[in-house]
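J.: Got a sequence here, can you build the structure:
(2 chains)
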2 protein chains.
Amino acid sequence: MNQSSPISANKLDTSEWMPGLSIDCVIIGFDLGKLHILVTKMLDSDIRSLPGGFIRKDEHMDQAACRILEERSGLTLPYLQQFYTFGDVDRRKATPVLEQWKTNSHMREMVSWLEQRFISTGYLSLVDMRESKPSPDALSETCSWIPLDELPELLFDHRRIVKKALEHIQNQMNYMPVGKSLLPDKFTMKDYQLLYESILGRKLDRSNFQKKMLRLGFLKRHEKMRGGGSHKAPYLYSFHTDTYNKLLEKGIGYMS
Amino acid sequence: MNQSSPISANKLDTSEWMPGLSIDCVIIGFDLGKLHILVTKMLDSDIRSLPGGFIRKDEHMDQAACRILEERSGLTLPYLQQFYTFGDVDRRKATPVLEQWKTNSHMREMVSWLEQRFISTGYLSLVDMRESKPSPDALSETCSWIPLDELPELLFDHRRIVKKALEHIQNQMNYMPVGKSLLPDKFTMKDYQLLYESILGRKLDRSNFQKKMLRLGFLKRHEKMRGGGSHKAPYLYSFHTDTYNKLLEKGIGYMS
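T.: As a prediction, the model looks like this:
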């Protein structure tokens, strides 16, 4: 149990938080050619959930999101962006685990807090999952990376929240380069294409992809990858930070 | 005073609303080559504000936004999109008018409601302002269109909210056509270019713009505009709805 978490079952003070407002974080990593999502497993239950939390009355909402993200991922100041606020009346269905938690006297206040209607703001972060040290919060047993294509059923509308986060990145891919924070320093063009394909959810033409990316000028070519069969070894690339950042700012859409 | 408004100074029931949550609407129109914003002037004050309101406890946040938008603009079911949620702790500075309102016993409950911290979700709508019938809410005297380049100081962080709404549309312009809901059925290419220029905040090259737009195939050319000097009269255009909608869906970004 993470004692620094704002949700501490032993030391609850729900009066410190903004009522009816929550934050859900879609923390995305990329490994072995697949997108991964950071997911917690709730206490006394098999229910999986996105990392989330609440906003202190004296806290900027972005700071609250950053705090939750840092606590769950173990990363310091990861890049995060707000992408959507979920305001359906019935977005939170009954959760069987709440009945179970009620039997624990320490949890009663938390349960009654959790039973209110919440409007939740979604934040997403693209992180280098190899650098992360996931840790659960006071309402969860574990916190771990799960490949997007193996994602189990999630609490409430959390699957919709993941879908919306991916749509947000897909839209951004139309007018800015993506992926710097997800990849290691050096990577192959194949890795980069797999990253784009897993976000877009479709195959891309290899030579077109390579041409497009190289033409934009934000990739630096290095030596060939070691090992593997001599001439077939692929080149390694890294991001040309200045150019990458300029493109982020200026955009590469059709009106740029 | 609009009696159907949820904010009725005579019949306040703030207990019906989600505490700490508000909605601000950036309602954008286009006329005489300029973007306009719908703005209210607050009761007993010269302070201008974006149309806004609160979310009933049994109401979807999108429905609340739609209700506010319909009430202020007089339009039925205008197209609206959520663009950002503003969560700064100090986004609402002290408002002199609140002190004044306190002297009115009917307003006291409303004033104490308004003094809490609010996190506000921004919705934007692009409308044909010629079809609108603006009307004030219970906290405002007037509601009217003001050209964006003549916008006076606004309440709280409402100017930042307008700026963020424009950035949202600028981003979308990179991967989808924009403007169908802002223009009359028929318009000149010059009107369309002025619309793009006023959203982007910069001049565009006339012949490049025309080429780009025509190549995308969502504009239909009609007869020349009547009046004016014979051969110099410009062609009128309208949107080819099917193609326009397909492009909205498919996108025209560099990864499409």
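J.: make it CA atoms for all contacts and neighbour counts henceforth
T.: Noted.
J.: in stretch A:247-256, what counts as buried?
T.: Buried residues in stretch A:247-256, counted by 16 or more other C-alpha atoms under 10 Å in any protein chain shown: A:Leu247, A:Gly251, A:Ile252, A:Gly253, A:Met255.
J.: how about the nearest residue to A:Asn174 once chain neighbours are set aside, secondary structure?
T.: By the measure of C-alpha to C-alpha, 6 or more residues apart in numbering or on different chains, the closest residue to A:Asn174 outside its immediate chain neighbours is B:Gly253, 4.4 Å from it. Put simply, B:Gly253 is coil when judged by DSSP: H, G, I helix; E, B strand; the rest coil.
J.: And A:Gly33, what's its pLDDT?
T.: The pLDDT attached to A:Gly33 in the predicted structure is 93.
J.: same deal with the one 10 residues further on?
T.: Confidence at A:Leu43, expressed as pLDDT, is 90.
J.: Surely it and A:Pro136 touch.
T.: No. With contacts counted by C-alpha atoms under 8 Å, A:Leu43 stays clear of A:Pro136, the gap being 9.8 Å.
J.: For A:Leu219, list each beta-bridge partner.
T.: The bridge-partner assignment for A:Leu219, based on DSSP bridges, gives A:Phe239.
J.: thinking it is in contact with A:Asp242, fair?
T.: No. In this structure, A:Leu219 sits apart from A:Asp242 without contact. The criterion is C-alpha under 8 Å, and the distance is 10.5 Å.
J.: the more surrounded of those two?
T.: Taking neighbours as other C-alpha atoms under 10 Å in any protein chain shown, A:Leu219 and A:Asp242 compare with A:Leu219 leading, 18 against 10.
J.: show me what contacts that one?
T.: With contacts defined as C-alpha atoms under 8 Å, 6 or more residues apart in numbering or on different chains, A:Leu219 is in contact with A:Met213, A:Tyr237, A:Ser238, A:Phe239, A:His240.
J.: Then A:Arg117?
T.: By C-alpha under 8 Å, 6+ apart, A:Arg117 lies in contact with A:Gly20, A:Val89, A:Arg92.
J.: out of those, which is most surrounded?
T.: So for the contacts of A:Arg117 (other C-alpha under 10 Å), the most neighbours sit at A:Gly20, 20 neighbours.
J.: need the contact list for that one.
T.: By C-alpha under 8 Å, 6+ apart, A:Gly20 lies in contact with A:Gln116, A:Arg117, A:Phe118, A:Ile119, B:Met18, B:Pro19.
J.: interface residues of the stretch 51-200 of chain A facing chain B?
T.: Neighbours of chain B within the stretch 51-200 of chain A, by C-alpha under 8 Å from any C-alpha of the partner chain: A:57-62, A:82-89, A:121, A:171, A:173-175.
J.: Which among the residues you listed count as buried?
T.: When these are checked for burial by 16+ other C-alpha under 10 Å, the buried set is A:59-62, A:82-89, A:121, A:171, A:173-175.
J.: Using JSON lines, lay out the buried residues of stretch A:247-256 together with pLDDT and distance to B:Leu32.
T.: What follows is these, written out as JSON lines (pLDDT from 0 to 100; distance: C-alpha to C-alpha, whole Å):
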{"residue": "A:Leu247", "pLDDT": "91", "distance to B:Leu32": "34"}
{"residue": "A:Gly251", "pLDDT": "83", "distance to B:Leu32": "29"}
{"residue": "A:Ile252", "pLDDT": "82", "distance to B:Leu32": "30"}
{"residue": "A:Gly253", "pLDDT": "75", "distance to B:Leu32": "28"}
{"residue": "A:Met255", "pLDDT": "72", "distance to B:Leu32": "23"}
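J.: before we move on, back to that, restricted to helices, list the buried ones among the residues of the stretch 51-200 of chain A next to chain B.
T.: A:Met61, A:Asp62, A:Asn171 (DSSP state H).
J.: just curious, which of the buried residues of stretch A:247-256 is nearest to chain B?
T.: Top of the list for closeness to chain B, among the buried residues of stretch A:247-256 and by C-alpha to the nearest C-alpha, is A:Gly253 at 4.4 Å.
J.: residues making contact with the helix or strand harbouring A:Leu195?
T.: Take DSSP states H and E as the rule and A:Leu195 turns out to sit in helix A:189-200. By C-alpha under 8 Å, 6+ apart, the residues outside helix A:189-200 that reach it are A:30, A:33-35, A:166, A:169-170, A:179, A:203-204, A:206, A:209-210, A:234-237.
J.: Okay, now the unreliable bits of the stretch 151-256 of chain A?
T.: Low-confidence segments of the stretch 151-256 of chain A, defined by pLDDT under 70: A:227-231, A:256.
J.: Was I right to think A:Ser135 contacts A:Thr142?
T.: Yes. Taking C-alpha under 8 Å as the contact criterion, A:Ser135 and A:Thr142 are neighbours in contact, 6.7 Å apart.
J.: Do a quick rundown of the strands in the stretch 151-256 of chain A.
T.: Along the stretch 151-256 of chain A, the segments classed as strands by DSSP state E, counting those that start in this stretch run A:187-188, A:219-224, A:235-239.
J.: Number of residues surrounding A:Asp24?
T.: Neighbour number of A:Asp24 under other C-alpha under 10 Å is 25.
J.: tell me the contacts of the closest residue to it other than its chain neighbours?
T.: Ranked by C-alpha to C-alpha, 6+ apart and with sequence neighbours excluded, the top spatial neighbour of A:Asp24 is A:Gly52, at 4.3 Å. Taking C-alpha under 8 Å, 6+ apart, we find A:Gly52 in contact with A:Ser22, A:Ile23, A:Asp24, A:Cys25, A:Ile68.
J.: Contact partners for the third one?
T.: By that I understand A:Asp24. For A:Asp24, the contacting residues are A:Leu50, A:Pro51, A:Gly52, A:Gly53, A:Ala65, A:Ser120, A:Thr121, A:Gly122, A:Tyr123, by C-alpha under 8 Å, 6+ apart.
J.: do you know how far the third one is from A:Leu80?
T.: Same thing as A:Gly52. Per C-alpha to C-alpha, to the nearest Å, A:Gly52 is found 14 Å from A:Leu80.
J.: Just checking: what are the partner strands of the lengthiest strand in chain A?
T.: For chain A, the strand that runs over the most residues, judged by DSSP state E, is strand A:17-31. Strand A:17-31 has the following strand partners under DSSP bridges: strand A:34-42 (antiparallel), strand A:52-56 (antiparallel), strand A:119-126 (parallel).
J.: With just CA atoms, put it into PDB.
T.: Extracted as PDB, the C-alpha positions of strand A:17-31 are listed here (Å, rounded to 0.1, in the frame of the first residue of the first chain):
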ATOM      1  CA  TRP A  17     -11.400  16.800  -2.200                       C
ATOM      2  CA  MET A  18     -13.600  18.500  -4.700                       C
ATOM      3  CA  PRO A  19     -16.900  16.600  -4.600                       C
ATOM      4  CA  GLY A  20     -18.200  14.900  -7.700                       C
ATOM      5  CA  LEU A  21     -15.000  15.300  -9.700                       C
ATOM      6  CA  SER A  22     -12.400  12.700 -10.500                       C
ATOM      7  CA  ILE A  23      -9.400  12.100 -12.700                       C
ATOM      8  CA  ASP A  24      -8.700   9.000 -14.800                       C
ATOM      9  CA  CYS A  25      -5.300   8.500 -16.300                       C
ATOM     10  CA  VAL A  26      -4.600   6.600 -19.500                       C
ATOM     11  CA  ILE A  27      -0.900   5.900 -19.200                       C
ATOM     12  CA  ILE A  28       0.400   4.400 -22.400                       C
ATOM     13  CA  GLY A  29       3.700   2.500 -23.000                       C
ATOM     14  CA  PHE A  30       5.200   0.700 -26.000                       C
ATOM     15  CA  ASP A  31       7.200  -2.500 -25.900                       C
END
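J.: residue contacts, A:Val127?
T.: Under the criterion of C-alpha under 8 Å, 6+ apart, the neighbours of A:Val127 are A:Ile27, A:Ile28, A:Gly29, A:Phe30, A:Pro78, A:Tyr79, A:Ser181, A:Leu182.
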